[in-house]
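Peer 1: Got a sequence here, can you build the structure:
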Amino acid sequence: LRGRRWALMVAMFALPFARRMPSLPVPMLNFQNVLIAIAFFSMARDRRKEGEKKARVPHLVPILVLGLLITVSYVQMVLTFVPVYSRKLWDPYKIDVQFKSVIYCLLLYIFAAMAIRSREDVAAALKAGIAGMIVEAMYITLEYLVLSPGRATGHLAEPNNAGVFLACSFNLMLAFLLLLPKGDRRKRILVVGLAFTAVSLVGTLSRGGWGGCLLAFVFLTAITNRKVLAAGLLVLAMGSYWVPKSVVNRLDASVVDEKDTLVIFRDGRVDGESPVLDFINDYLERKAREEGLGDEKVRLDPSMQERIIVWTVAVKMMADYPLGVGYGVFPFHVVEYSNVLWYKASHNIYLKTGAESGIPALLALLYLIVALFRDAVRVYRKETDPAARALGIGAAAYLLALAMGAMMIDIFFQVEVNGQFWMLMAMVCRMPSLAAEKAEEPQPAVPAEPSPSAPKPLYELVR
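Peer 2: Alright, predicted model coming up:
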């Protein structure tokens, strides 16, 4: 309530664990909702100083178009959808919460863009955001090492969510560690944060998180420090000496033989469900025969097979319904396109958006991702301040890890996982305009030096 900067800082810090904080048993009145509502109120009551320009929201048009298209699909669901299959799983309130999360993410972007009015605001919000990442990483590490669950989740509800969040956090902190000048005290905190983030990322056993982290790491270090890239790849190559057994088992489980496969995936029962899946399974079986394993059926693990079938279903659904089937109802339509799966989530935010909200919404989302990535790289290239350059390339790596993870899970619009992302990208996109506004500020007038007095005539000196 102290003002927009404090509202920005508190929101950036608390969003990763806001949904799981204690709250009143009232629908739509959890801690996360109250936090965001107070942040909006604080910004609204904070007036601009005299002469201060109104903040411009970058990429406002695609943000509004995406929000409008998703809202139309939500209204379509409310007015027209009646579940024919899987009636027991119909939960309108759950869909309402998901839709609210989408709108909140887009509003957080607008809120941050309007609240940022100086580079000092960016620095304060960024420090708070990284502090929130470190706190959540410490919590997940504690869960992983002390409670020893099958897969750590922290406050993010699901291990794949936690994996993607930690992959993004790791690369953002690494960017600052690589680009801040030597002797900067903040590097000590970043090293601690990276250590906790790496351990907790292992504990999630999230293959999507690992893949996204590796992709972003290669991109980041190839641009900023290739020695770190070489060292990182060397450490990965020596993984047999240090990688925990749980990680090895998780990776080995990606390909299974017949006895470890669910009934519906045995003996080619899913043949014809997806051309891509048929191609992959045929390739794995051919490789197995070449390695002397006989006619034993070797396939992708059931989780990956389900994902590929569901993705094929989503593509077919977009072809049949280019304007979408309605927000949140994709799982109820799966049975219409598959003989082996009934109620299944899309596990891919791009296909989910295209199938539920239509191809125009998918194009708006893809345009927004490309535009945000371009702006982040531009900040890195054009800025001279090391911290600003780290913010630019770190945000680009963050987006890359998130975009990779979004291909495996329905992410991008979960406030606890991605709320920080939308605020971070608003800061990055505002950096060029902040520099321009700073240059346009009237400089204080420097008093003119008094002109030297003319020499006095001789009679004056004599007098």
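Peer 1: residue ranges with poor pLDDT in the chain?
Peer 2: Residues of the chain that meet the criterion pLDDT under 70 lie in 48, 50-52, 253-269, 292-297, 436-463.
Peer 1: What strand or helix carries the most centrally placed residue in the chain?
Peer 2: Geometric centre of the chain, nearest residue: L402, 4.2 Å, by Cα atoms, centre = their mean. Assigned by DSSP states H and E, L402 belongs to helix 386-405.
Peer 1: I figured the residue nearest to the centre of the chain hits V164, correct?
Peer 2: Yes. Using Cβ atoms under 8 Å, L402 makes contact with V164 at a distance of 6.3 Å. All C-beta atoms are positioned from the backbone trio N, CA, C, and that covers glycine.
Peer 1: Please enumerate the shared neighbours of these two.
Peer 2: The contact sets of L402 and V164 overlap at G212, I411 (Cβ atoms under 8 Å, 6 or more residues apart in numbering).
Peer 1: R299 belongs to a strand?
Peer 2: Yes. Under DSSP: H, G, I helix; E, B strand; the rest coil, R299 falls within a strand.
Peer 1: any idea which element the residue nearest to it when sequence neighbours are not counted lies in?
Peer 2: Counting by Cβ to Cβ, 6 or more residues apart in numbering, N281 is the residue found nearest to R299 once chain neighbours are left out, at 4.8 Å. Using DSSP H and E, N281 falls within helix 275-290.
Peer 1: by contact count, what packs against that helix?
Peer 2: Counting contacts by 3 or more Cβ pairs under 8 Å, 6 or more residues apart in numbering; DSSP states H and E, helix 275-290 packs against strand 298-300, helix 302-320.
Peer 1: Tabulate these (TSV), appending mean neighbour count.
Peer 2: Output for the helices and strands packed on helix 275-290, formatted as TSV (neighbours: other Cβ atoms under 10 Å):
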stretch	mean neighbour count
strand 298-300	21
helix 302-320	19
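Peer 1: Please identify which of those is closest to S101.
Peer 2: With Cβ to Cβ as the criterion, S101 lies closest to helix 302-320 of the helices and strands packed on helix 275-290, at 20.2 Å.
Peer 1: got the angle between that closest one and helix 275-290?
Peer 2: 150 degrees (axes from the mean of the first three to the mean of the last three Cα atoms, to 10 degrees).
Peer 1: Now do helix 302-320: which elements does it pack against?
Peer 2: Judged by 3+ Cβ pairs under 8 Å, 6+ apart, helix 302-320 is in contact with helix 275-290, helix 330-333, helix 349-357.
Peer 1: wait, which of those helices is closest to S246?
Peer 2: The nearest among the helices and strands packed on helix 302-320, by Cβ to Cβ, is helix 275-290 at 23.5 Å.
Peer 1: Could you pull out the buried residues of the longest helix along the chain?
Peer 2: Secondary structure of the chain per DSSP state H: the longest helix is helix 415-440. Using 16 or more other Cβ atoms under 10 Å as the test for burial, helix 415-440 gives 415-431, 434-435, 437.
Peer 1: which outside residues touch the helix or strand hosting W210?
Peer 2: Using DSSP H and E, W210 sits in helix 207-224. With contact meaning Cβ under 8 Å, 6+ apart, helix 207-224 is reached by 160, 162-164, 166-168, 170-171, 174-175, 178-179, 201, 228-229, 232, 236, 250-251, 254, 380, 393-394, 396-398, 400-405, 407-409.
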